[in-house]
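In: Need a 3D model of the sequence below.
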Amino acid sequence: MAQPSTPQPFLPQNSSLPTTAATATWAFGSSARTPGSGANTPTASTYLMPTSPAKNPGSMNDGLKPKISKTTGQKPACLVNASVTYCGNDQIYAFGGFDQFTDEVYNHVLRLDLKTLNWALVDNYGDIPGVRMGHSASLYEGDKLLVYGGENEHREYLSDVVILNLKDHHWTQPAVQGPIPKGRARHATVVYEDKLFVIGGLTGEANYILDDICYLDLKTWTWSKTWSFVQRFDHSAWIWGGRLWVLGGLGADMERPSEIWWLDLKGSPALSGSGRQYSTMGRISSARHEPWLHPNRADRTDTYTANSGSVHIRSTRREKPVAPGAISALKFVSGPHVPLQSSGTHFHVCSSGALLDFVTPSSNIRHSDCNLSSLELDSLRWQRLVEGPELFQPGFKWHYCTINEDGTKVWLLGSPGDDSAGTNQELQLSEVLAVDLKRYGLLGNLDSSFASEQNRILASERQTTYPAPSGGVGSGLGSDLAMTFDQPPESGSMSDFIITANNIPVDEDDNISEVDSQLRFSTNTTSSQAFVSENSVVSPPIHVHKMILQARWPHFKRLYASKMIEYQTSRLHIPEPYSVVRAFLYYLYTDSIAPHPEFCRDLTDVAGMLVMANLYDIPKLRLLCVNRLSREIDIEHAAVIWERAGRTQEEWLKQRAARFCMMNFGRIVRTEGFRSLSRQSLMELCEVVGMDGRVVDGDEVDDADGGFTQGGGVSGRYRRRSHRPSGEADETEGDDDDGMDVN
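Out: Okay, the predicted model is just below:
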């Protein structure tokens, strides 16, 4: 019989649909297989959980690699040290900058409409600021662009603050109070709790590097005093978790340091006060600043009028107190996923409690070595999210990067490379690369529940005990609802619905997915362990509440509204493993997939929930699962994650799991997760290894790689052959037993 074109709510015996094998397969959805000739057919009292309409696998794979789009209109030149800021409503504003071909410095305002990809020169009014480059532009209150500092056409450093109202494009100049900081350029600014923090930068005739940090109170327009923090310019700064973080740029020795610095802002009255106290108590040693002091230059204090031809180059030099709050730093010496800051052009943005490092093409890095890496700010662990060929196309250079307020989308602005553009063609910001971060399992910043979920996951990884019964969910409504989950009605939980799932198959040699396709449930059976076939059993009942399921699970709401057999019996069977179904239902109660010793025990349950999120079209659960699986992938669960990612068309997660399996193949093949895969999945996973791949003993790999292992040690690794000519190969590459080679 032909497969039905539209799904029906249930398949009771009195349905007009014939109960053939093909019909049973359709009822089980994507996780089912067609039973053999001896398979049971549904009985008179059988009802099964139907699937949502099947998604088009082709549409999910389309556009996996970010596409480059061409812009139109008044495209700006590839200006140096301009500001490019996402300002909401699908609009990017570019201001100022230096034209390296004409030596002009601009104060133009341009706007890129991301819907039409059209550049337009914006007519602006009011107290228009002078030309500048190396300034900062920060979005404030959603409709104001705060421009601070920079360097004008006379190479003079500015310290003024001007504000562009994005509604009417009118410039204003606030009357500021307090000790105006040194004029500077190529610094970093962040807005936090109505304060504009200014960190580092270049200043002075000798271009010495500042280690300053200060802030402007945006409510009183009062400058704080200046403290000492970290000596950088061309760096990135952002706020997360009540801390101000700094990474990248150039340091005191004009090197690109690999350490990350952070300053605790919480609990410090000086950083959270009104900014009216200007005490300079406290001193630090000047040794680290000695190379940048110029004793032969007379100290002076310059008067300064904001937004005019006058400048504020330097104030009387005094040793500054150390910034209040705890200051910490961590240097990344090496690691398989630590991006080398000295290679490539780096762009840093913060999303989902992680720093994202886009390593883009440049003259000192190969295209294949570019990538997107993430640094989890809670655990300070680097991970490689996307390889360069999966993200960037050859022949393009990227000059600016900006992120939306949600932390879910990044835009890179660039131009064709020098070779493709030609020497006579003027380089413009003509190309836009839009990167959807949700595709890579990043939760974003705007939804507080998403952010709190990641915090719960990260915090739970460090717990050794779990508070019962919520298990890491914390206090609040989710914790209260968790106490009523899976409690029989006689306990006072007022549960009024029962859900069952697939229990452990009796014959453990059977593949779970094959058992799923043979499972049947009888509604007139009262035993929680009723046998319905020769090799499978129904799980114990899971006691839930119809009201919660209807509010949190749209598919159940539609299903229950049909008022068919599940409405009459208040029972439902979901043909998925028992532990996965319990974890899924527990998520509906708590909005959490954090590790729990009873309801979400390991990554196998999370991988199963990814299947259910795809099956029943729950985008948030899908995102949470991809996020956790990508961060916590390990030896034991890598094969299962790879298989589930393939089943749900999560191509990026599948590729990530495949790379992990290749690098740890010797241990992967000895895990239960690998053995649980179907024969077809096993063959597909083995084909991930290249044609020239070979597996050798772990001791031989350790000898060849200097004893270095990844992921807790492996018994088989791979490494890529050198692209040098065979005559230039080194001695280790001539050894046939030095590892697994993959072309």
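
In: which regions of the stretch 551-700 of the chain sit below the pLDDT cut-off?
Out: 689-700 (pLDDT under 70).

In: residue boundaries of the helices in the stretch 351-500 of the chain?
Out: 388-391, 418-421, 448-460, 477-482 (DSSP state H, counting those that start in this stretch).

In: where among the ones you listed is the average confidence lowest?
Out: Mean pLDDT values for the helices of the stretch 351-500 of the chain show the minimum at helix 448-460, a mean of 44.

In: for the stretch 1-150 of the chain, what spans make up the helices?
Out: Under DSSP H, counting those that start in this stretch, the stretch 1-150 of the chain gives helices at 21-28, 57-61.

In: And those helices, which one averages the lowest pLDDT?
Out: Taking the mean pLDDT of these, helix 21-28 comes last: a mean of 31.

In: Who are the packing partners of the strand or helix carrying residue 640?
Out: Here residue 640, judged by DSSP states H and E, is contained in helix 638-647. Counting contacts by 3 or more C-beta pairs under 8 Å, 6 or more residues apart in numbering; DSSP states H and E, helix 638-647 packs against helix 603-615, helix 651-663, helix 672-675, helix 679-686. The way it works is simple: take the backbone N, C-alpha and C, and place the C-beta from them, glycine included.

In: for these, which one sits closest to residue 549?
Out: Using C-beta to C-beta as the measure, helix 603-615 is the one of those that comes nearest residue 549, at 13.4 Å.

In: I'd like the next helix or strand past the closest one.
Out: Immediately after helix 603-615, counting by DSSP H and E, sits helix 619-632.

In: Helix 651-663 and that next one, what's the angle between them?
Out: Put simply, helix 619-632 runs at 20 degrees to helix 651-663, going by axes from the mean of the first three to the mean of the last three C-alpha atoms, to 10 degrees.

In: Could you chop the chain up by domain?
Out: 1-58+466-601, 340-462 (automatic domain parsing).

In: comparing those domains, which gets the lowest mean pLDDT score?
Out: For the domains of the chain, mean pLDDT drops lowest on domain 1-58+466-601, to a mean of 61.

In: Just list whatever residues bridge to the residue nearest to residue 323 when sequence neighbours are not counted.
Out: In space, residue 323 comes closest to residue 227 once its chain neighbours are excluded; the distance is 3.7 Å by C-beta to C-beta, 6 or more residues apart in numbering. In this entry, residue 227 is beta-bridged to residue 213, by DSSP bridges.

In: How about stretch 156-168, which residues are buried there?
Out: 156, 157, 158, 159, 160, 161, 162, 163, 164, 166 (16 or more other C-beta atoms under 10 Å).

In: per-residue confidence at the residue lying closest to the last one once chain neighbours are set aside?
Out: Closest residue in space to residue 166, ignoring its immediate chain neighbours: residue 143 at 4.8 Å, by C-beta to C-beta, 6+ apart. Per-residue confidence at residue 143 stands at 93 (pLDDT).

In: Quick check: the gap between residue 143 and residue 239.
Out: 20 Å (C-beta to C-beta, to the nearest Å).

In: picking up where we left off before, quickly compare the helices and strands packed on helix 638-647 and say which is most buried.
Out: helix 603-615 (a mean of 24; mean count of other C-beta atoms under 10 Å).

In: other SSEs contacting that helix?
Out: Looks like helix 603-615 contacts strand 571-577, helix 578-590, helix 619-632, helix 638-647 (3+ C-beta pairs under 8 Å, 6+ apart).

In: Go again with 10 Å.
Out: Packed against helix 603-615, as judged by 3 or more C-beta pairs under 10 Å, 6 or more residues apart in numbering; DSSP states H and E, are the following elements: strand 571-577, helix 578-590, helix 619-632, helix 638-647, helix 651-663, helix 672-675.

In: relative orientation of it and helix 651-663 in degrees?
Out: Using the same axes, to 10 degrees: helix 603-615 against helix 651-663 is 150 degrees.

In: Next, the angle helix 578-590 makes with helix 603-615.
Out: Going by the same axes, to 10 degrees, helix 603-615 makes 70 degrees with helix 578-590.

In: Output helix 603-615 as PDB, nothing but the C-alphas.
Out: C-alpha atoms of helix 603-615 as PDB (Å, rounded to 0.1, in the frame of the first residue of the first chain):
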ATOM      1  CA  LEU A 603      25.100  12.200  26.500                       C
ATOM      2  CA  THR A 604      23.200   9.200  25.100                       C
ATOM      3  CA  ASP A 605      20.000  10.700  26.500                       C
ATOM      4  CA  VAL A 606      20.900  14.100  25.100                       C
ATOM      5  CA  ALA A 607      21.500  12.600  21.700                       C
ATOM      6  CA  GLY A 608      18.100  10.800  21.900                       C
ATOM      7  CA  MET A 609      16.400  14.100  22.900                       C
ATOM      8  CA  LEU A 610      18.000  15.600  19.800                       C
ATOM      9  CA  VAL A 611      16.100  13.100  17.700                       C
ATOM     10  CA  MET A 612      12.900  13.900  19.500                       C
ATOM     11  CA  ALA A 613      13.400  17.600  19.100                       C
ATOM     12  CA  ASN A 614      13.800  17.100  15.400                       C
ATOM     13  CA  LEU A 615      10.900  14.700  15.200                       C
END
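
In: What about the nearest residue to residue 387 once chain neighbours are set aside, how many residues nearby?
Out: Closest residue to residue 387 apart from its sequence neighbours, by C-beta to C-beta, 6+ apart: residue 371 at 5.5 Å. By other C-beta atoms under 10 Å, the residues close to residue 371 number 22.

In: Contact partners for residue 371?
Out: 337, 339, 344, 357-360, 365, 384-392 (C-beta atoms under 10 Å, 6 or more residues apart in numbering).

In: now with 6 Å?
Out: By C-beta atoms under 6 Å, 6 or more residues apart in numbering, the residues touching residue 371 are 359, 384, 387, 388.

In: re earlier: select, out of the helices and strands packed on helix 638-647, the one closest to residue 111.
Out: helix 651-663 (31.9 Å).

In: export the closest one as PDB, just CAs?
Out: What follows is helix 651-663, C-alpha atoms only, in PDB (Å, rounded to 0.1, in the frame of the first residue of the first chain):
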ATOM      1  CA  GLU A 651      25.500  18.200   9.400                       C
ATOM      2  CA  TRP A 652      27.900  20.500  11.400                       C
ATOM      3  CA  LEU A 653      27.600  18.300  14.500                       C
ATOM      4  CA  LYS A 654      28.000  15.200  12.400                       C
ATOM      5  CA  GLN A 655      31.200  16.500  10.900                       C
ATOM      6  CA  ARG A 656      32.500  17.600  14.400                       C
ATOM      7  CA  ALA A 657      31.800  14.100  15.800                       C
ATOM      8  CA  ALA A 658      33.400  12.500  12.700                       C
ATOM      9  CA  ARG A 659      36.600  14.400  13.300                       C
ATOM     10  CA  PHE A 660      36.600  13.400  16.900                       C
ATOM     11  CA  CYS A 661      36.100   9.800  16.000                       C
ATOM     12  CA  MET A 662      39.000   9.900  13.500                       C
ATOM     13  CA  MET A 663      41.400  11.400  16.100                       C
END
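
In: what's the distance between the residue nearest to residue 129 when sequence neighbours are not counted and residue 181?
Out: The shortest distance from residue 129 to any non-neighbouring residue, by C-beta to C-beta, 6+ apart, is to residue 162 (4.4 Å). Distance, residue 162 to residue 181, using C-beta to C-beta: 15 Å.

In: Can you show me the strands along the stretch 1-150 of the chain?
Out: 68-70, 72-73, 83-86, 91-95, 109-113, 118-121, 125-126, 136-140, 144-151 (DSSP state E, counting those that start in this stretch).

In: contacting residues around stretch 343-354?
Out: Contacts of stretch 343-354 (C-beta under 6 Å, 6+ apart): 236, 238, 240, 247-248, 356-360, 362, 364-365, 374, 376-377, 401, 403, 407, 410, 437, 442-443, 454.
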